[in-house]
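In: okay, here's the prediction I keep looking at, along with the sequence it came from:
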Amino acid sequence: MEGDGRRHAGATDDTATYPALPRPRGPESDEQASPPFIARRYPEQPPAPRQYPEQPSAPRRYPEQPSAPRRYLEQPPAPRRTTTLRAALFGVLAFLLFAPAAAVAYTTVREEGGVTVAAQELPAGRDRDVGPGAPAGRSPAPGGTHRPAPTTVDGRIRQALADQAAALLADDQDGFLAAVDPSAPALRDDLARRFGSLRQLQVKVWQPTVKGKVRTEAGGTASAIVAVQYCFVVQACEPMGLEADTRWNVSGKAVTMLAFGTAKALGPRPWEASELHTAVGSRVVMSTTAKYASRLSSMLATAEKAAVLTDKFARWGSPPSRYVVYLAGPDEWASWYGINQAAWVAGFAMPLNASATEIVVNAARIDTRQALDVLRHEFTHVVTLDGVEKAYPHTWWLVEGVAEYVRMKGAGNKPFDGMADVRSYARSGRWDGTIALDDPPDGATTTDVSGRYGVAYLSLQHLAERYGEDRLLDFFGYAVRQGVALGDAAPKAFGVSWDDIQAECAKAVRAHV
């Protein structure tokens with residue numbers, strides 16, 4: 001959802017309108033052996049709304065090829081590509097939840113030292129309590145104006161959420177847990193873990209909003225769908241977001257929380273499910289569980305190095321304030337975002353909205369040396385697909401090819417490390433010379449998937465050498481970012497027909513095999 005000051009659909013008089021959250025945008029490489037190829041898919045789903053889409057996003061996966069530890073291969077696609085996503089990598093769900101981009105890592109640092117109070121402000125003339133951020137039952141902050149306590153269940157729940165948000169941002173765990181009903185110790189433990197993980201991630205914005213009306217139920221309970229916008233590290237951002245179900249106990253004038261679910265789409269998020277340890281650099285937020293915490297320092301240094309190169313390819317906007325990377329162990333790999341990834345996949349990028357993508361790396365498959373290549377590829381998806389809400393037809397090869405192009409650029413003059421699979425694929429009879437390849441078909445072998453990535457890379461490498469990198473990126477912008485048909489994009493970028501471009505690229509690929 002955008003922080004554009006608009007009300008949420010179905011909002012009532014008790015629903016606050018938030019002011020727009022500004023989205024600032026921010027600020028060679030060693031050649032270490034590359035990990036497996038990085039593959040990424042664009043699932044095809046109707047355009048994801050920029051508010052709180054209900055469809056999960058298609059993660060862009062980067063499966064690792066067991067036999068070729070230097071390359072990133074994508075696991076053959078499950079869902080077919082979809083229209084939403086600025087960064088679609090391997091599919092499993094659909095682009096969804098608006099939110100997160102800058103929050104977590106995609107906006108430029110502005111006023112990093114402060115925090116943004118995320119409380120809901122109740123409209124004038126309706127239920128109001130102390131100002132946003134002042135916990136219920138406590139005195140307002142110095143200089144604050146005392147307001148009457150809410151008189152409706154709806155208003156009290158909104159106030160409880162506002163108080164909880166203020167406590168989170170103030171690093172007040174007792175205040176954050178104050179709304180939990182005494183009969184729900186498991187919820188208290190769960191929220192205490194979330195609190196710790198969010199504080200580790202340096203949460204700077206937390207804005208909960210009740211969607212629609214609170215539903216009162218028999219037996220003195222109520223339920224509400226809560227949408228949350230959040231940002232990590234910086235408070236000026238285009239926030240990430242999620243929706244979760246909540247249940248409340250209603251007793252007289254008091255409301256207490258009985259349940260606070262995890263994200264309804266692409267959930268649970270890593271910080272909802274795990275106790276995280278986090279390291280924050282100038283360009284990257286790196287987070288993992290206790291088991292892999294000892295790797296944070298070296299992995300963060302590697303990620304920072306990858307960002308130096310990929311930042312330079314953010315030509316359609318500024319690079320993110322932070323790239324967000326999660327290092328997943330086997331248990332987390334099978335549960336984060338509600339996706340059971342294959343054990344051999346090296347990593348994937350999960351687009352949460354058109355301008356926010358979180359990256360997950362498989363700790364069991366990727367070491368620090370391999371991570372540099374993986375993250376160069378992944379970060380390229382982040383910067384080249386920023387703001388892209390659709391996956392246009394016949395552009396998979398461009399999306400993956402440009403990520404491989406940047407990855408190999410970071411490797412200096414090293415030869416492309418996937419040539420064996422390109423030869424195998426090209427000579428198998430399964431490649432007919434078409435350059436504009438779409439997602440690998442279901443059932444494709446890892447060798448074929450890797451070969452398709454190689455065809456994409458060699459094609460883009462040829463275009464860069466023949467016409468220059470700027471014109472190559474112009475072509476990418478027309479076809480991938482604007483949805484211009486290849487037949488129209490080629491003359492605009494290169495001054496020659498698409499048929500000529502395709503013939504040139506096919507010839508260049510065959511020259512290598």
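Out: Ah, there it is. A quick note: this is a predicted structure, and the numbers were derived from the prediction, not measured. Numbering: from 1, shown residues only.

In: could you use CA atoms for every contact and neighbour count after this?
Out: OK.

In: so what's the residue nearest the centre of the chain closest to, chain neighbours aside?
Out: Centroid-nearest residue in the chain, with Cα atoms, centre = their mean: residue 357, separated by 2.3 Å. Nearest non-adjacent residue to residue 357, counting by Cα to Cα, 6 or more residues apart in numbering: residue 351, 4.1 Å away.

In: for the residue sitting furthest away from the middle of the chain, give its distance to residue 153.
Out: If you look at how far each residue of the chain sits from its centre, by Cα atoms, centre = their mean, the farthest one is residue 252, at 41.6 Å. According to Cα to Cα, to the nearest Å, residue 252 stands 10 Å off from residue 153.

In: ditto for residue 378
Out: Applying Cα to Cα, the value for residue 378 to residue 153 is 45 Å.

In: which SSE is the residue nearest to residue 357 in?
Out: If you go by DSSP states H and E, residue 351 is part of strand 345-353.

In: just checking, next helix/strand downstream of that strand?
Out: Next element after strand 345-353 (DSSP H and E): strand 356-362.

In: strands paired with that following strand, and their directions?
Out: strand 323-328 (parallel), strand 345-353 (antiparallel) (DSSP bridges).

In: relative to residue 211, which of those is closest?
Out: With Cα to Cα as the criterion, residue 211 lies closest to strand 345-353 of the strands paired with strand 356-362, at 19.0 Å.

In: now that closest one, how far from the chain's geometric center?
Out: Strand 345-353 has its C-alpha centroid displaced from the chain centroid by 7 Å (Cα atoms, centre = their mean, to the nearest Å).

In: if we can go back for a sec, for the strands paired with strand 356-362, which one ends up most surrounded?
Out: Of all the strands paired with strand 356-362, strand 345-353 carries the top mean neighbour count, a mean of 33, counting by mean count of other Cα atoms under 10 Å.

In: convert that strand to CSV, retaining C-alpha atoms only.
Out: The C-alpha trace of strand 345-353 is given here as CSV (Å, rounded to 0.1, in the frame of the first residue of the first chain):
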residue,chain,number,x,y,z
VAL,A,345,17.7,-23.9,-4.6
ALA,A,346,20.4,-21.3,-3.8
GLY,A,347,18.3,-18.3,-3.1
PHE,A,348,15.2,-16.3,-4.2
ALA,A,349,14.0,-12.8,-4.3
MET,A,350,10.5,-12.2,-3.0
PRO,A,351,8.7,-9.1,-4.4
LEU,A,352,6.4,-7.7,-1.8
ASN,A,353,5.2,-4.9,-4.0
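
In: just the mean pLDDT for it, thanks.
Out: Mean pLDDT, computed over strand 345-353, is 84.

In: just stretch 466-480 next, same as before
Out: The average of the pLDDT scores along stretch 466-480 is 98.

In: could you tell me the end-to-end distance of it?
Out: Terminal residues of stretch 466-480 lie 20 Å apart, using Cα to Cα.

In: next: stretch 261-272.
Out: For stretch 261-272, the end-to-end distance is 9 Å (Cα to Cα).

In: now stretch 175-182
Out: Distance across stretch 175-182, first residue to last, is 14 Å (Cα to Cα).

In: show me which residues of that stretch are buried.
Out: 175-181 (16 or more other Cα atoms under 10 Å).

In: cool, and stretch 150-162?
Out: Of the residues in stretch 150-162, 150, 153-162 count as buried by neighbour count, 16+ other Cα under 10 Å.

In: alpha carbons of the longest strand seen in the chain, as CSV, please.
Out: Criterion DSSP state E: the longest strand present in the chain is strand 203-217. C-alpha atoms of strand 203-217 as CSV (Å, rounded to 0.1, in the frame of the first residue of the first chain):
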residue,chain,number,x,y,z
VAL,A,203,11.9,-0.9,12.8
LYS,A,204,11.3,2.8,12.3
VAL,A,205,7.7,2.9,11.0
TRP,A,206,4.8,0.7,12.3
GLN,A,207,1.4,1.8,11.2
PRO,A,208,-1.5,-0.5,12.1
THR,A,209,-4.9,0.1,10.6
VAL,A,210,-8.2,-1.8,11.0
LYS,A,211,-9.6,-2.6,7.6
GLY,A,212,-13.3,-1.9,7.6
LYS,A,213,-15.3,-2.5,10.7
VAL,A,214,-14.5,-4.5,13.8
ARG,A,215,-16.8,-7.5,13.9
THR,A,216,-18.4,-8.2,17.3
GLU,A,217,-19.2,-11.8,18.0
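
In: direction included, what does it pair up with?
Out: Sheet pairing of strand 203-217 (DSSP bridges) gives strand 221-232 (antiparallel).

In: contacts only, for residue 261.
Out: Taking Cα atoms under 8 Å, 6 or more residues apart in numbering as the criterion, residue 261 is in contact with 244-246.

In: quick check on the residues you listed: which are buried?
Out: Buried residues within these, defined by neighbour count using 16+ other Cα under 10 Å: 244-246.

In: sorry, back to before: need the strands paired with strand 356-362 in CSV (columns: distance to residue 445).
Out: Supplementary listing: the strands paired with strand 356-362 in CSV, determined by distance: least, Cα to Cα, whole Å:
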stretch, distance to residue 445
strand 323-328, 25
strand 345-353, 13
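
In: for residue 310, which of those strands is the nearest?
Out: Between the strands paired with strand 356-362, strand 323-328 lies closest to residue 310; by Cα to Cα that is 10.5 Å.

In: contacts for the helix or strand containing residue 425 next, please.
Out: Assessed by DSSP H and E, residue 425 sits inside helix 419-427. Outside helix 419-427, the residues that touch it by Cα under 8 Å, 6+ apart are 431, 447-448, 450-452, 454-455, 510, 512-513.

In: go on, stretch 272-283?
Out: Residues outside stretch 272-283 that contact it (Cα under 8 Å, 6+ apart): 193-194, 196-197, 200-201, 262, 270, 285-290, 293, 296-297, 300, 304, 307, 320-323, 332, 336.

In: buried sites along that stretch?
Out: By neighbour count on 16+ other Cα under 10 Å, the buried set for stretch 272-283 is 272-280, 283.

In: so what's the residue count around residue 442?
Out: Counted with other Cα atoms under 10 Å, the neighbours of residue 442 add up to 12.

In: helix/strand/coil for it?
Out: Here residue 442 is recorded as coil under DSSP: H, G, I helix; E, B strand; the rest coil.

In: ramachandran angles for it?
Out: The phi/psi pair for residue 442 (degrees, to the nearest 10) reads phi -60, psi 140.

In: so for it, what pLDDT did the model give?
Out: 80.

In: give the other helices and strands that the helix or strand hosting residue 298 contacts.
Out: Taking DSSP H and E as the criterion, residue 298 maps to helix 296-310. Counting contacts by 3 or more Cα pairs under 8 Å, 6 or more residues apart in numbering; DSSP states H and E, helix 296-310 packs against strand 277-280, strand 284-288, helix 368-384, helix 396-410.

In: what's the second one in contact with?
Out: Translated: strand 284-288. Outside strand 284-288, the residues that touch it by Cα under 8 Å, 6+ apart are 104-105, 201, 276-280, 296, 299-300, 303-304, 307, 322-328.
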